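Novice: sequence first, predicted coordinates after that:
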Amino acid sequence: MNTDLADDHFKLEDTRVTRRYFDKFERITQYLNKVAATMEAEQRLSRNDIKAVATYLVGLNITFRSLAHKYHFSGRFSHAGQLTFDRVESGFPVYQELLEMANDALQAERHLATMPSSEELKDQMVRAIVGDQEIPTKLQYALSQRLYYEELIKGRQFYARNDPQAVWLGNEGDRRTFQIHWAVYDSQVNLPTIYLMDVEDTGRVGLPKDERRWPEAQAHLMAQSVAHLKLLTIAKGFDEDFDDLHPTRLRRFHIGPMYSNAFTRQSGPLREVLEQANSPIGDDWALVWTEEELIAERVERVKSGWFGTVERQIFALDPFAAQGSDTGATRMERSLIMPERPYQALAERNPPGFRDVRKFVVSDRGRVISYR
């Protein structure tokens, strides 16, 4: 691994290391869906929450599968390219990788139209191995690129921007309730971030069918979806910009950072825990899952224009946390997802600051066990 743009952004130049990186994330993203299902069983997430979150977790899995095809021959073929990832802040690929993937998706059909089929490439490989007795590296690379573009054609990847979708939850009088969900790959921290917002709609036309408000609402939410903005800032801005849309609950899920003794250089107790665990390849990791939540506790009517009034939400900040006003949330909870051996090392060391963090311990047997 050699440095490229900055000390914390590294390119994976070795084939075996690149494949190990993607194998690790394939396992992690598969575990995430099981952890989300466990949260539903604990009634921390509703059925609608799970449907929304699972959309993005599956998309994240497909994104890593796509990039694994793209970089399958890094280090073995001069034109294969190398994946750049953030080894200090997140452990995930850098934002630019997802932008390039989105651009490749726009041109995928054109690339596939000029490439031999998978069957043709495999036939040529057999002839090269049997007839010419040589390793068909160029053909193998061509097949990996074809698989990459075929994956992009199928769609459902987690992109840098995943625009808002609205799901109707029900009506109460003249109020429709929607859950709006969207996601971004935050460019500042190189992490996938998922948003869920419950909104009461008092407009004449339901929000997703409103040709004026829905595009404006989508654009507003995407513009505010950055990691450094507090939930309170996002919710109040939306509430003030749309007089007939009333956000009653806003949540944000940060997926990551990912810690790995083999790949990342984060500091702190988790790094030491992973060193002590001495886990086998594939189990050398821990992933942070953070949920922020902001809830409206009451409604006030404020003056609008000369004679009118509009509703404004008053949001609850955590009264038991000294930093409640600083975080701009009603509550915030961090969880750790890790295999069994790193968890055992964490339990033995029991470092300060981790005792109240929920731990989800995953295994290849499909089990997810939740610990406090």
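Specialist: That came through, no problem.

Novice: helix/strand/coil for Met115?
Specialist: For Met115, the secondary-structure state derived from DSSP: H, G, I helix; E, B strand; the rest coil is coil.

Novice: count of neighbours near it?
Specialist: The burial count assigned to Met115 is 15, neighbours taken as other CB atoms under 10 Å. Every residue, glycine included, has its C-beta placed from N, CA and C.

Novice: mind checking how far stretch 153-162 is from the chain centre?
Specialist: Averaging C-alpha coordinates over stretch 153-162 and over its chain gives two centres that are 11 Å apart (CA atoms, centre = their mean, to the nearest Å).

Novice: got the contact list for it?
Specialist: Contact partners of stretch 153-162, identified using CB atoms under 8 Å, 6 or more residues apart in numbering, comprise 56, 58-60, 62-63, 66, 95, 98-99, 101-102, 105, 108-109, 112, 151, 182-185, 187, 192, 222.

Novice: mind listing what's buried along the longest helix seen in the chain?
Specialist: Longest helix in the chain, counting residues (DSSP state H): helix 15-41. Going by neighbour count (16 or more other CB atoms under 10 Å), the buried part of helix 15-41 is 15, 18-22, 24-25, 28-29, 31-36, 38-39.

Novice: which secondary structure element of this structure has the lowest mean pLDDT?
Specialist: Sorting the helices and strands of the chain by mean pLDDT, DSSP states H and E puts strand 2-6 at the bottom, at a mean of 45.

Novice: what packs against the helix or strand following that strand?
Specialist: Sequence-wise, the next helix or strand downstream of strand 2-6 (DSSP states H and E) is strand 9-12. For strand 9-12, the elements it packs on are strand 2-6, strand 83-86, judged by 3 or more CB pairs under 8 Å, 6 or more residues apart in numbering; DSSP states H and E.

Novice: which strand or helix spans the closest residue to Ser66 other than its chain neighbours?
Specialist: Distances taken as CB to CB, 6 or more residues apart in numbering place Glu151 nearest to Ser66, at 4.4 Å, with adjacent residues excluded. Using DSSP H and E, Glu151 falls within helix 137-154.

Novice: C-terminal to that helix, what's the next element?
Specialist: Next helix or strand after helix 137-154 toward the C-terminus (DSSP H and E): strand 161-172.

Novice: list the buried residues in that following strand.
Specialist: Residues of strand 161-172 classed as buried: 162, 164, 166 (neighbour count, 16+ other CB under 10 Å).

Novice: could you measure from the first one over to Ile129?
Specialist: Using CB to CB, to the nearest Å, we find Asn162 at a distance of 42 Å from Ile129.

Novice: which other helices and strands does the helix or strand where Ala217 lies contact?
Specialist: If you go by DSSP H and E, Ala217 is part of helix 213-223. Contacting helix 213-223 under the criterion 3+ CB pairs under 8 Å, 6+ apart are the following elements: strand 161-172, strand 175-186, helix 231-241.

Novice: try 6 Å this time
Specialist: Helix 213-223 makes packing contacts with strand 161-172 when contacts are defined by 3 or more CB pairs under 6 Å, 6 or more residues apart in numbering; DSSP states H and E.

Novice: the strand it packs on pairs with which strands, parallel or anti?
Specialist: Strand pairing for strand 161-172, determined by DSSP bridges: strand 175-186 (antiparallel).

Novice: report the angle between the partner strand and helix 213-223.
Specialist: 40 degrees (axes from the mean of the first three to the mean of the last three CA atoms, to 10 degrees).

Novice: ok, the residue nearest to Ser66 to Val288 distance?
Specialist: Shown here: Glu151 relative to Val288, a distance of 28 Å by CB to CB.

Novice: repeat that for Ile314.
Specialist: When Ile314 is compared with Val288 (using CB to CB), they lie 31 Å apart.

Novice: again with Glu97
Specialist: Distance from Glu97 to Val288, counting by CB to CB: 20 Å.

Novice: got the contact list for Asp86?
Specialist: By CB atoms under 6 Å, 6 or more residues apart in numbering, the contact list for Asp86 reads 9, 94, 190.

Novice: 10 Å - rerun?
Specialist: For Asp86, the contacting residues are 6, 8-10, 92-95, 97, 189-191, 256-258, 264, taking CB atoms under 10 Å, 6 or more residues apart in numbering as the criterion.
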